[in-house]
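# fold the following for me, if possible:
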Amino acid sequence: MKVFILSENNAGTLTEAEHGLSYLIEHEGIRILFDTGQSDLFLKNSAIMGVSLADIDFIILSHGHFDHGNGLEHLPGGTLVCHPACFIRRYRGSDHSYIGLKLSKTELKSRFNLIASREPYRISESVFFAGEIPRITSFESQTSTFVLEDGSPDFVADDSALYFTLPGGLFIITGCGHAGIVNTIEHAISVTGAESFYGIMGGFHLKENDLQTDETIRYLKNAKPVHILPSHCTSGVALTRFRTTFDTRPVRTGDILSF
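The predicted model follows:
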């Protein structure tokens, strides 16, 4: 499996960065665009990298936040897989600024072949869209800085991920990890039946040196995956903890990773 980092918070040598995430994934003849960042930067960086975004088989939207899905307006169409709650209007709790998708569900349905699923959706023999990830731990997804239109907390129920069963074992790609990294891993094991855990990469949504970060690191130390690559919305404090605990590395736009 190859992962091309098209949009990320950190820039590579020739490519640019933004607060957002977009990966092109090539695996067993299938090409998947996982998120699109918040602008057309993923297209600009793909051109710099010499990577074609023609003939994409699936576009995956990890959740309905602007920094993962606003790039959709720059695509001509295709098959889009997401959770049905991606389209709700949502805001920051601090200033009530809008952080949802620019395009409405109606606009997206007119452009894309839309597959909206709360249940796991099998993309191929070895690739699964997670659907809705159950919140089972006591230390993840307990508070939220986001709100819905009525002012109630938004726990981002639409947060999803991709699960791969590779020769080395289970590999997970997250967008932001709002559901919690441990919740996501446990769900992935349940969905795929994987007996070994090979790796995880993407946004971990760990903001502080707190209980959630402690317990996530404790879980991963016990699980012993080969690859741990936190990025995007993972704070500098949490990244430092991961880099001093595990054999990990920064993820930057322009990177091409093989697993």
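
# for the record, mean pLDDT for stretch 19-38?
Mean pLDDT, stretch 19-38: 98.

# from one end of it to the other, what's the distance?
Start-to-end span of stretch 19-38 (Cα to Cα, to the nearest Å) is 7 Å.

# quick one: it to chain centroid distance?
Offset of stretch 19-38 from its chain centre (Cα atoms, centre = their mean, to the nearest Å): 9 Å.

# give me the buried positions along it.
Residues of stretch 19-38 classed as buried by neighbour count (16 or more other Cβ atoms under 10 Å): 20-27, 30-38. For every residue, glycine as well, the C-beta is placed using N, CA and C.

# which ones among those map onto strands?
S22, Y23, L24, I25, E26, H27, I30, R31, I32, L33, F34 (DSSP state E).

# contacts only, for A194.
Residues in contact with A194 (Cβ atoms under 8 Å, 6 or more residues apart in numbering) are T165, G169, L170, A188.

# so which of those residues belong to helices?
A188 (DSSP state H).

# if we can go back for a sec, make TSV from the ones in strands among the buried residues of stretch 19-38 and add distance to V251 to it.
Converted to TSV, these look like this (distance: Cβ to Cβ, whole Å):
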residue	distance to V251
S22	12
Y23	9
L24	14
I25	14
E26	17
H27	18
I30	22
R31	20
I32	17
L33	17
F34	13
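
# pull the distance from stretch 153-171 to the chain's centre.
8 Å.

# and what about the closest residue in space to G12 that isn't next to it in sequence, helix, strand or coil?
Leaving aside its chain neighbours, G12 sits nearest to G254 (3.0 Å; criterion: Cβ to Cβ, 6 or more residues apart in numbering). Here G254 is recorded as coil under DSSP: H, G, I helix; E, B strand; the rest coil.

# measure G254 to C176 for me?
Plainly put, G254 is 21 Å away from C176 if you go by Cβ to Cβ, to the nearest Å.

# how many neighbours does the residue nearest to G12 have?
19 (other Cβ atoms under 10 Å).

# next one: V51
Around V51 there are 16 other residues, counting by other Cβ under 10 Å.

# cool, and R218?
12.

# wait, a helix at it?
Yes. Using three-state DSSP, the assignment for R218 is a helix.

# ok, now which ones touch the residue nearest to G12?
By Cβ under 8 Å, 6+ apart, G254 lies in contact with I5, A11, G12, T13, L14, T15, N45, I48, M49.

# let's see that with 10 Å instead.
4-6, 8, 10-17, 45, 48-49 (Cβ atoms under 10 Å, 6 or more residues apart in numbering).

# got the buried residues for stretch 134-144?
Counting neighbours by 16+ other Cβ under 10 Å, the buried set in stretch 134-144 is R135, T137, F139, E140, S141.

# how about stretch 77-85?
Per 16+ other Cβ under 10 Å, stretch 77-85 contains these buried residues: G78, L80, V81, C82, H83, P84, A85.

# spatially central residue for this protein, please.
With distances taken as Cα atoms, centre = their mean, G175 lies nearest the centre of the chain, 1.3 Å away.

# skipping adjacent residues, who's closest to that residue in space?
Closest to G175 by Cβ to Cβ, 6+ apart is S62, at 2.5 Å.

# what's near enough to touch that neighbour?
21, 23, 34-35, 68-69, 82-83, 86, 129-130, 156, 158-162, 173-178, 202-203.

# so which of those sit within helices?
Short answer: those in helices (DSSP H) are H68, G69.

# any quick ChimeraX command for the buried ones out of the contacts of S62?
Those of the contacts of S62 that count as buried under 16+ other Cβ under 10 Å are selected in ChimeraX with:
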select :21,23,34,35,68,69,82,83,86,129,130,156,158,159,160,161,162,173,174,175,176,177,178,202,203
